[in-house]
Structure formats: structure tokens, C-alpha cells
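**Q** Fold the stuff below for me.
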Amino acid sequence: MKYDYHMHFEYGDYDVEWVKGFFEAAQKRGLDEIGISEHSHTFPEFQQLYYDDLILDDSFVGSFQQKWLKRNKFKHTLEDYFAFMAKLRSLGYKVKTGIEVCNFQNQAKVREILSHYDFDYVIGSIHFIRGWAYDSSEIKAEWQNHSLDDIYEWYTQEIEHLCAGGCYDVLGHPFNIRLYKYLPDFDVQPYLLRAVKALKKANMGVDVNTGTLYRYPIEEISPYPEFMKLAKEYDLPIITSSDAHKPGDCGSYIDKAIEYAKGFGYTQGLTFDHRQRNLVELG
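**A** Numbering: from 1, shown residues only. So this is what the prediction gives:
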């Protein structure tokens, strides 16, 4: 089975003409199933959590993030999302309803929000390190203000905190902190091992994500090989995904993701239906 479970409608809108391109790309690339995982910043239900957690002062980072929160954010309610996904299915589009939630500190509030909605799956992703959107190219210079040792420690702490929340099925793009080619010259195995153990304890899967292959300078699939080796050693299940933000990117490099995963001994991947997991053969 070929599938893509991590993508977003955010660059367009809840408009059939816009989103049908995702399904056309999926068909062209031979996908059997797709799932949409809208960012939590699409929804006003999560708005206060962003304002609670992000650096929003007058600093370089804070000034950018203040503007970021006002640009194309919080524009649809979760009710809107579920209604639109139901409409797509009524039109014959086969699609799962997921969500990608940022690593908020208030996991109890996340759990309360999610409890009201019948998602097929929930991805939890580290998008902020101590309130800084480390993957935003506009504030990339902030990387120069921190040691990589600290960044790896803080990133791993965020994974542990997210996993302990008990809200998620999958960790999105693990260790994509390599995305701008800031590569450590120290032993990262202790950090990777902590992350894998936290995922195992939380019964979470791993997002084998091609977004960092075609959207960022690192040009590699996340998670990178050292993490994948440990993930297989600890028998963590996987999903495959493109992290598409545009219709034409749906399913991008999924064949390569499958080949990559098989290189570590994976033959099966997770699919979801109403938070129930199933294992399917990859490919």
C-alpha cells in the first residue's frame, strides 16, 4: 500500500477546486490513500496556546512571530474542517481526517480540545524550541545564538514532554532540526535514544517525511538514518508522508520514503481509522 498522511490545505482554502489537485496528484503517483493533517494554527480553538507559548516580545524572533500569528492563521474552526472533509467524502474523495498539533506546554488543554472531535489520527510535531520557530527561514539567524548541544537537549525535552501528554498517534518529522544543515560534531545517540524511548512508552509511531528532502537545504528524509536505526530496533511503527503544502506535492517522493524505510527492515506501515491503527504492507 502506498499512502501519504501528512499534508495541509493552508496555502489555499476549504474550496473543492483548490483541494482536488491533491487527489489528482495522489492518483498520478499511485497512492491508495491520503490523509490531511491540518496544522493546529488553522483553528481558533488552539489560538491561546500559541500566545501562551511563543516568544512575542520586541526581539528579532518575537517581532517576526507576532506577525506570523496574524498571517493566514486561525481562519477555520474545527467544525468547519470536519464539515469540509465530510463534503469531500460525499463527493467521492477517499480521505482521512487528521491534524498536526504543535508541541504546546499545556498538554491538558490539547487533550481537552481533541476530545471533542473524531479524528482518524493525530500527529504531534516539534515546531518550537523554547518559544522559537526554529524552522522559519525568516528567523534562521537565531540559530547563531544557541549552541547545537543546547538545541539538541531542548528539542529532545520537547519530544519527551509531547509524548508524556498522551494525545498523539505519531511524532511528525523527528529530528528535522537538521533542516538548515547545522550538523553536530558531538555524539547525538543519547538524545536519539531518549526520544525513541519516550515514543515507545507513549505507543506512538514515526513520521517518515519527505518534506525535508524537497523543501529544505538538508535534502534528506526525516528522520535521518541514525534515528531510523533506533526506531526499528525499538520496533516503532511508521507512516509515510510528503508534508505537502501545495496540491502538486501530494505524494512527493513517497516511493523513495518506502524504499528508505525498507532499507532499515520495515515492511509495514500504520494506517488509521477513528484513532484505531492497522498495519499494512508498504509499497
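**Q** Helix, strand, or coil at residue 277?
**A** strand (DSSP: H, G, I helix; E, B strand; the rest coil).
**Q** Now residue 260: which helix or strand?
**A** Using DSSP states H and E, residue 260 falls within helix 254-262.
**Q** what helices or strands is that helix leaning on?
**A** strand 205-209, strand 238-241 (3 or more C-beta pairs under 8 Å, 6 or more residues apart in numbering; DSSP states H and E). (Each C-beta comes from the backbone N, C-alpha and C, glycine too.)
**Q** Look up phi and psi at residue 96.
**A** phi -100, psi 150 (degrees, to the nearest 10).
**Q** That one and residue 51: what is the separation?
**A** Look at residue 96 and residue 51: by C-beta to C-beta, to the nearest Å, they are 30 Å apart.
**Q** still on that earlier bit, pull out the buried residues from the helix holding residue 260.
**A** For helix 254-262, burial by neighbour count (16 or more other C-beta atoms under 10 Å) applies to 254, 257-258, 260-261.
**Q** same deal with stretch 67-76?
**A** 68-69, 73-74, 76.
**Q** ok, now stretch 245-256?
**A** Of the residues in stretch 245-256, those buried (16+ other C-beta under 10 Å) are 245-247, 249-254.
**Q** and the residues you listed, which of them are in helices?
**A** By the criterion of DSSP state H, membership of the buried residues of stretch 245-256 in helices covers residue 254.
**Q** now, among the buried residues of stretch 245-256, which is nearest to residue 134?
**A** Nearest to residue 134 among the buried residues of stretch 245-256 is residue 245, at 17.8 Å by C-beta to C-beta.
**Q** What does the closest one show for phi and psi?
**A** Main-chain dihedrals, residue 245, degrees, to the nearest 10: phi -110, psi -10.
**Q** how close does it sit to residue 215?
**A** Counting by C-beta to C-beta, the gap from residue 245 to residue 215 is 8 Å.
**Q** Please apply the same query to residue 71.
**A** Residue 71 is 19 Å from residue 215, by C-beta to C-beta.
**Q** returning to what we had before: between residue 96 and residue 51, who's got more neighbours?
**A** A count of neighbours by other C-beta atoms under 10 Å puts residue 96 above the other of residue 96 and residue 51, at 20 against 10.
**Q** From residue 79, how far out is the more buried one?
**A** Distance of residue 96 to residue 79, computed by C-beta to C-beta: 18 Å.
**Q** Kindly report the same for residue 256.
**A** Residue 256 is 37 Å from residue 79, by C-beta to C-beta.
**Q** Same question for residue 263.
**A** The gap separating residue 263 from residue 79 is 42 Å, by C-beta to C-beta.
**Q** Could you pull up phi and psi at the residue most central in space within the chain?
**A** Nearest residue to the geometric centre of the chain (C-alpha atoms, centre = their mean): residue 172, 3.4 Å. The phi/psi pair for residue 172 (degrees, to the nearest 10) reads phi -70, psi 140.
**Q** The stretch 51-200 of the chain: strands as residue ranges?
**A** 95-102, 121-125, 170-171 (DSSP state E, counting those that start in this stretch).
**Q** excluding its backbone neighbours, what's nearest residue 201?
**A** Leaving aside its chain neighbours, residue 201 sits nearest to residue 163 (6.7 Å; criterion: C-beta to C-beta, 6 or more residues apart in numbering).
**Q** Report the separation between the one you found and residue 250.
**A** 28 Å.
**Q** same check, this time on residue 231
**A** 25 Å.
**Q** Then residue 99?
**A** 17 Å.
**Q** Could you give me the buried positions within stretch 78-90?
**A** 78, 81, 84-85, 88.
**Q** Also stretch 157-171?
**A** 157-160, 162-163, 165, 167-171.
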